[in-house]
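**Q** turn this into a structure:
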Amino acid sequence: MELVVKPTWTYLLYQVFFKEVMLELVIKEELRLPLINKFLKAFELRLNDIKFNMQTMSDNYIQFSKFYEQALFNVSFGLEEASATLKAPQNEVQVADLYGKLFQIFQDIPIAIQKMTIQRQLSTEGDATSFLKSLNPHCPSNFEKLLQGGGVFYTLKIPENEMTIYITLVESIFIPGGLYLSIENIFSPNIYDFQNAFEISKERHDFILKELNLNIE
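**A** From the prediction side, this is the model:
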C-alpha cells in the first residue's frame with residue numbers, strides 16, 4: 001500500500017561524541033580563544049550571541065542559537081560531545097551548509113560516534129491507520145477494541161558503513177490523520193567525515209521511504 005505524504009514540520013538533530021575528553025580547553029586559553037573565534041566567523045555571530053556554562057561542560061560548554069531565514073539553528077558544544085538542532089530547515093543546501101561549517105570546527109578532533117536524526121510530522125492523502133496496519137497487520141485480539149494508535153519500529157544494521165538505523169513510524173499526535181516519522185542514523189565506530197556520513201544518510205533515507213511505500217509530495 002502506497003501513501004502520499006507532505007512534511008508539515010521537520011526537525012534535525014546532529015550529534016558527535018569525542019573519543020577523549022578535551023579538558024585542555026578549560027585550562028589553556030591559547031586553545032579556547034581560537035575555538036571561540038571559529039564559531040564567531042563560521043556563523044557570523046557577535047560575542048553576545050554565545051553563552052558559556054561551566055556547570056555543563058560535558059555537552060553544553062559553549063552554546064548559541066540563530067535564525068537563518070525561518071530555520072532555527074541551535075548549537076551546544078561540550079568537552080565530551082557536541083550537538084546541533086535545526087528546526088524548519090529551508091532546503092537540503094542549507095542543511096549541508098550549516099552542519100558542514102560546524103563539522104569543520106572540530107574536524108581535527110577524533111570522533112567516536114556520529115549521529116544524524118531526522119524527525120518529521122507528515123500530513124497524508126489517504127488513511128494513515130490502514131497504511132500502518134498494512135506494514136504491521138498483526139494485532140493481539142484483545143488489543144483491537146482498546147487500540148488508540150499504531151505504528152512500526154525497525155532497526156537496520158549496515159555493516160559496510162558501521163551504521164545502525166532506528167526507524168519509528170507512528171500516528172501523529174499533532175496532525176489529525178497524519179504520521180510521525182523518525183530516522184536515526186548512528187555511525188559507530190565513526191569512520192566518516194560529515195559530508196560522507198550526510199550522503200550515506202541521504203541514500204538510506206530515500207531507500208527507507210521507498211521500502212515503506214511513502215511518497216513525499
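**Q** got the domain ranges for this protein?
**A** Annotated domains of the chain cover 1-18+112-217, 20-109 [automatic domain parsing].
**Q** okay, those domains in TSV with mean neighbour count and mean pLDDT next?
**A** In short, each C-beta sits where N, CA and C put it, glycine included. Shown next, in TSV, are the domains of the chain (neighbours: other C-beta atoms under 10 Å; pLDDT from 0 to 100):
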stretch	mean neighbour count	mean pLDDT
domain 1-18+112-217	16	93
domain 20-109	15	92
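**Q** hey, where'd the strands end up in the protein?
**A** All strands of the chain, identified by DSSP state E, fall at 3-18, 51-52, 62-68, 71-77, 81-87, 111-125, 151-158, 163-171, 179-187, 214-216.
**Q** reformat those as a markdown table; add distance to residue 134.
**A** Formatted as a markdown table, those follow (distance: least, C-beta to C-beta, whole Å):
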| stretch | distance to residue 134 |
| --- | --- |
| strand 3-18 | 9 |
| strand 51-52 | 47 |
| strand 62-68 | 39 |
| strand 71-77 | 34 |
| strand 81-87 | 31 |
| strand 111-125 | 13 |
| strand 151-158 | 10 |
| strand 163-171 | 12 |
| strand 179-187 | 13 |
| strand 214-216 | 12 |
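**Q** quick check: phi and psi on the nearest residue to residue 172 once chain neighbours are set aside?
**A** Nearest residue to residue 172, sequence neighbours excluded (C-beta to C-beta, 6 or more residues apart in numbering): residue 178, at 3.8 Å. Per-residue torsions, residue 178: phi -100, psi -170 (degrees, to the nearest 10).
**Q** and residue 178, how close does it get to residue 99?
**A** Relative to residue 99, residue 178 is positioned 27 Å away (C-beta to C-beta, to the nearest Å).
**Q** these two touch, right, the residue nearest to residue 172 and residue 169?
**A** No: contact criterion C-beta atoms under 8 Å: residue 178 and residue 169 do not qualify, at 11.4 Å.
**Q** run through who's touching the top helix by length along the chain.
**A** For the chain, the helix with the greatest residue count under DSSP state H is helix 194-212. The contact list for helix 194-212, computed with C-beta atoms under 8 Å, 6 or more residues apart in numbering, reads 92, 96, 99-100, 102-103, 107, 114, 116, 118, 135, 156, 158, 161, 163, 165, 167, 169, 183, 185, 187, 190, 192, 215-216.
**Q** roughly how far apart are residue 2 and residue 131?
**A** For residue 2 relative to residue 131 (C-beta to C-beta), the value is 8 Å.
**Q** okay, and the common contacts of the two?
**A** Both residue 2 and residue 131 are contacted by residue 213, under the criterion C-beta under 8 Å, 6+ apart.
**Q** nearest spatial neighbour of residue 161, skipping sequence neighbours?
**A** Using C-beta to C-beta, 6+ apart and skipping residues adjacent in sequence, the residue nearest residue 161 is residue 200, 5.6 Å away.
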